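[1] Predicted coordinates and the sequence they were generated for:
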Amino acid sequence: MKLESLKHRASKKALIAVSIVGMFAGICAIPAGAAAPKTIASKGLVYIIPKDTTNPYEVIADNGVKAALKTEGWRGVVDSGTTDTAAAQEPAIQAAIAAKANAIVIAANDPKALCPELEKARRDKITIIGFDSDNYCAGNLFINQANTQQIGASEVDLLAGEIHDTGQIAILSAAATATNQNAWIGYMKQELTKYPNMSLVATVYGNDDPTVSLTVLQGLLTQYPNLAGIISPTTVGISTAAQYLSTHESQYSNLILTGLGLPSQMGTYTGDDNVKAFELWNPFDLGSLAGWAAMEINSGVIQNKVGVTFTIPAKGTKLVEAKSWTITKAIAGSGDPSNFVTLGAPFVFTAANVKDFNF
């Protein structure tokens, strides 16, 4: 009886062992012909090409790209000119090709002028990721900071609420060829049709240069002394205008300024007579998402196809804007052949919260 019991136990253990082995074999086995899931390559080189190398906003975004790359052992090289022109960015694209970079992450100064150079890079198997300001070139993925239409419309709505839907307004933009600026301005004009008592009297361009921005601002104020509001959808423009207005408050106390600004630059002025609120997103997170997209597409982890959803790997720093992102087509009628990923919604900064942010 005792011997029979021992045999039964041994047989039972053997059966359990065989079952466990079979179970794990079923979990680990890869069906014939199926490829194992790809992971991000252990190293790579990405050329980061901002609009220019002196804009504080661009520097923050570039640092976001580099932080993402560093997580996976990749290297980022920032290369661009000091002026917001396509010509100033072309040498950086050529340098990326010569260096046999894995990817280019670029904020374009012109929607189409860079396409020939970027096409050369694409033919050399370099992944092209646009961020902040898109290039209208086939085959690339654009990381949009927020919904383009929402940015343009919300800027007008924000100002309308502050000037009681009435008065002359102007726009202080960056470069006249900047893709993102022109797209936002287009939607601003559409939104203004909802406010018949508000009239857009001028759009001026400061080229994301503080000196030029100040000059065109002063010209604007001289030509239109009764301006009720200014929208400046550029961090250089809005900070330059805020600084100037703060030193001329008695002269322009009834003029309201809003736009897209950095909390670190606008905190001093937010809550005074001229600046009640402004918008932006986190440029570091924008760069980070662009960096991850570059690595995942170049490594074959995901494909740049509409409907594809991707996430940041576990080792990466999570972003507050979302947990996953889905690739879509560009906005209908925009003429942009790029695929899009949107970081998140724009955020409104006021005197109550602006000090809570350090970018």
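    That came through fine.
[2] Would you indicate which residues of stretch 198-208 are buried?
    198, 202-208 (16 or more other C-beta atoms under 10 Å). For glycine as for every other residue, the C-beta is placed from the backbone atoms N, C-alpha and C.
[3] Show only the entries of those residues found in strands.
    198, 202-205 (DSSP state E).
[4] quick one, helices of this protein?
    Ranges of helices in the chain, per DSSP state H, are 2-28, 56-71, 86-98, 115-123, 148-162, 179-192, 210-223, 235-246, 249-252, 263-266, 283-298.
[5] circling back to that earlier point, tell me the one among the ones in strands among the buried residues of stretch 198-208 nearest to G81.
    Y205 (17.4 Å; C-beta to C-beta).
[6] so who does the closest one touch?
    Contact partners of Y205, counting by C-beta atoms under 8 Å, 6 or more residues apart in numbering, are 173-176, 212, 216.
[7] now swap in L221 and tell me
    L221 makes contacts with 227, 252, as judged by C-beta under 8 Å, 6+ apart.
[8] Kindly report the same for I230.
    169-172, 217, 220, 241, 255-259.
[9] Out of those, who's the most crowded?
    L257 (31 neighbours; other C-beta atoms under 10 Å).
[10] Name all residues that make contact with that one.
    Neighbours of L257 in contact, by C-beta under 8 Å, 6+ apart: 229-230, 232, 238, 241-242, 245, 274-275, 278.
[11] I figured D208 hits G237, correct?
    Yes. Between D208 and G237 there is a contact under C-beta atoms under 8 Å: 7.4 Å.
[12] Count the neighbours of Q190 for me.
    Q190: 13 neighbours (other C-beta under 10 Å).
[13] Touching, it and E155? I think so.
    No. Using C-beta under 8 Å, Q190 makes no contact with E155, being 11.8 Å away.
[14] got any residues that touch both of these two?
    In contact with both Q190 and E155: no residue, using C-beta under 8 Å, 6+ apart.
[15] what's the residue nearest to A202 when sequence neighbours are not counted in contact with, if anything?
    Nearest residue to A202, sequence neighbours excluded (C-beta to C-beta, 6 or more residues apart in numbering): A170, at 4.6 Å. Shown in contact with A170 (C-beta under 8 Å, 6+ apart): 200-204, 220, 224, 227, 229-231.
[16] Look up how far Q251 lies from A170.
    Going from A170 to Q251 by C-beta to C-beta, to the nearest Å gives 16 Å.
[17] Also R123?
    56 Å.
[18] now swap in K51 and tell me
    32 Å.
[19] Likewise for T222?
    T222 is 11 Å from Q251, by C-beta to C-beta.
[20] Could I get the average pLDDT for stretch 55-73?
    Per-residue pLDDT over stretch 55-73 has a mean of 96.
[21] in it, what counts as buried?
    Neighbour count says stretch 55-73 has 55, 57-69, 71-72 buried, by 16+ other C-beta under 10 Å.
[22] Out of the residues you listed, which comes closest to K315?
    Nearest member of these to K315, counting by C-beta to C-beta, is T71, at 5.9 Å.
[23] Quick one, grab the pLDDT at the closest residue to I171 other than its chain neighbours.
    Excluding its sequence neighbours, the residue lying closest to I171 (C-beta to C-beta, 6+ apart) is T203, at 4.3 Å. Note on T203: pLDDT of 98.
[24] Report the separation between T203 and V354.
    27 Å.
[25] hey, what's F142 bridged with?
    Taking DSSP bridges, one finds G130, F340 as the beta-bridge partners of F142.
[26] quick one, what contacts it?
    F142 neighbours (C-beta under 8 Å, 6+ apart): 129-131, 134, 330, 336, 338-341.
[27] circling back to that earlier point, neighbour count: K51 and Q251, which is higher?
    K51 (29 against 11).
[28] ok, now which ones touch the more buried one?
    With C-beta under 8 Å, 6+ apart, K51 has these contacts: 58, 80, 84, 89, 107-109, 132-133, 174-175, 178, 208.
[29] In terms of distance to Y47, which of those residues ranks first?
    Taking the contacts of K51 together and measuring to Y47 by C-beta to C-beta, the closest member is S80, at 9.4 Å.
[30] What about that closest one, how many residues nearby?
    Considering only other C-beta under 10 Å, S80 is surrounded by 25 other residues.
[31] likewise A87?
    12.
[32] Show the model's pLDDT score for it.
    97.
[33] How about the contacts made by it?
    A87 touches 81, 113, counting by C-beta under 8 Å, 6+ apart.
[34] Now with 10 Å, please.
    81, 109-110, 113-114 (C-beta atoms under 10 Å, 6 or more residues apart in numbering).
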